[in-house]
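Colleague: what follows is a protein structure lacking sequence information:
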């Protein structure tokens, strides 16, 4: 079979009949009863999984290591070896009874085992594994032997025939999986070709002058200029000569305020912040000045009147940040607060420009890396966008929604206008154009544009102006 088809097509795996051969051995050991009672011994039991076993004093290290290794790697056959050593007495002192079955308590057993007893169990194990191989060979070499007849779908058949049928079924299953994978790959290829062709068509429409544009009012551009100018001045900080205790006391208050500014959807108490700071006080004290300045930066941005709402995002979306009930059930908030103080927070203007704070850069000591330049347009996607070599990107929406991914774009002309100090008396046309159709919203990626794909949105809040 292998010579005709190769192992990739035919899987002659003895594991396909491992259970049946093991049942033959269990039958010989009297362990194949279908009736489960409290006296039925079904396996081994360890009460302390992570601790080393305590053997008798004369048991050698090699014996201990081999015993422990086999117990861990092959507990079923090791159970057979131990059961063979102990015999069939249901009143054995090493047996722990449960309501529906019994198990052998291995910790109690090994304490009474001397070197000879350990060796006997190891020999039992080796002989049982040897017998397993002999039965595997026997069922193939002597298929008509009564020992190797099994019940299958109401009739007796040789175990060898059953093995061959399992191989054939696995072969057919693998062939079906390969066919399904090929069909899926072909469908994905065709869909990708369709998307690429659609993007080329949309790009031609952009190049021919189609597309919708937003306009920024002079007041909005001036406000962005002023916020960026003030933020630039705040990136330079001086280390304060105060004690670590004073730093910790101040951090407990400032981080409570910062937690509320980042995510006001859940309530975090002062006691929880205190515990967090105490557990991480050495690390937090090292970046005391940066954390203090971030609070001032957030206050400046939110009080500037430039931005309509803020969104916070997270790389770990599995934690439901907006569910108070989840938070209340947690005994340890360390992970939650670590993630909270490492988020990206976006401040978004009425016309879709966005300023991002990368809080995870606080520990870089360079606040200029925390405050990202204002981007021209922000969009949202149902999935992370791979914009490599893209000329057009399809996005899901212009409005933020929990669970969506952030996507930002900035044209060189926009940054030049933000940095310019004059010619801000008229509305400014955005350099980002969009086209909508039944499949979604398409964004034109113009030459030299800066792109950024961000994390998932985990919260949105309107800002009061």
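Modeller: On my side now, so go ahead. Fair warning: this is a prediction, and the values are worked out from it, not measured in the lab.
Colleague: only C-alpha atoms from now on, for both contacts and neighbour counts.
Modeller: Noted.
Colleague: ok, which stretches of the stretch 201-350 of the chain are helices?
Modeller: Assigned by DSSP state H, counting those that start in this stretch, the stretch 201-350 of the chain shows helices spanning 218-234, 244-262, 270-279, 281-286, 288-303, 324-328, 334-340.
Colleague: mean neighbour count added to those, as JSON lines?
Modeller: Below are the helices of the stretch 201-350 of the chain laid out as JSON lines (neighbours: other C-alpha atoms under 10 Å):
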{"stretch": "helix 218-234", "mean neighbour count": "17"}
{"stretch": "helix 244-262", "mean neighbour count": "17"}
{"stretch": "helix 270-279", "mean neighbour count": "16"}
{"stretch": "helix 281-286", "mean neighbour count": "16"}
{"stretch": "helix 288-303", "mean neighbour count": "18"}
{"stretch": "helix 324-328", "mean neighbour count": "13"}
{"stretch": "helix 334-340", "mean neighbour count": "16"}
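Colleague: in terms of mean pLDDT, which of these ranks lowest?
Modeller: Among those, helix 324-328 has the lowest mean pLDDT, at a mean of 65.
Colleague: may I ask you to name the longest strand in this structure?
Modeller: strand 450-462 (DSSP state E).
Colleague: quick one: stretch 220-235 to chain centroid distance?
Modeller: In terms of C-alpha atoms, centre = their mean, to the nearest Å, the centre of stretch 220-235 is set 38 Å apart from its chain centre.
Colleague: stretch 124-140 too?
Modeller: Distance, centroid of stretch 124-140 to centroid of chain: 42 Å (C-alpha atoms, centre = their mean).
Colleague: re the thing from before, what residues does the longest strand of the chain touch?
Modeller: For strand 450-462, the surrounding residues in contact (C-alpha atoms under 8 Å, 6 or more residues apart in numbering) are 263, 265, 308-315, 317, 320-322, 344, 384-385, 387, 400-412.
Colleague: can you flag the buried ones in those?
Modeller: 263, 308-314, 321-322, 344, 384-385, 400-411 (16 or more other C-alpha atoms under 10 Å).
Colleague: please confirm that residue 356 is located within a strand.
Modeller: Yes. Counting by DSSP: H, G, I helix; E, B strand; the rest coil, residue 356 is found in a strand.
Colleague: could we number from 7 for the rest of this?
Modeller: With 7 as the first residue, the last one maps to residue 362.
Colleague: for residue 60, phi and psi?
Modeller: Residue 60 adopts backbone torsions of phi -100, psi 100, taken as degrees, to the nearest 10.
Colleague: quick one: residues contacting it.
Modeller: Contacts of residue 60 (C-alpha under 8 Å, 6+ apart): 113, 116, 117.
Colleague: secondary structure element holding the last one?
Modeller: This means residue 117. Following DSSP states H and E, one finds residue 117 within helix 112-118.
Colleague: any idea of the mean pLDDT for that helix?
Modeller: Helix 112-118 comes out at a mean pLDDT of 89.
Colleague: how about stretch 204-219?
Modeller: For stretch 204-219, the per-residue pLDDT averages 94.
Colleague: off-centre distance for that stretch?
Modeller: For stretch 204-219, the distance to the chain centre is 38 Å (C-alpha atoms, centre = their mean).
Colleague: got a list of contacts for it?
Modeller: 397, 398, 399, 435, 436, 437, 438, 439, 440, 441, 448, 450.
Colleague: how about residue 378, nearest residue that isn't a chain neighbour?
Modeller: residue 362 (5.3 Å; C-alpha to C-alpha, 6 or more residues apart in numbering).
Colleague: meant to ask about residue 369
Modeller: residue 293 (6.5 Å).
Colleague: for residue 372, same thing?
Modeller: Residue 372 sits nearest to residue 241 (C-alpha to C-alpha, 6+ apart), 7.5 Å away.
Colleague: swap in residue 280?
Modeller: residue 258 (5.6 Å).
Colleague: wait, the one you found sits on residue 279?
Modeller: Yes. Look at residue 258 against residue 279 with C-alpha atoms under 8 Å: they come within range, at 6.2 Å.
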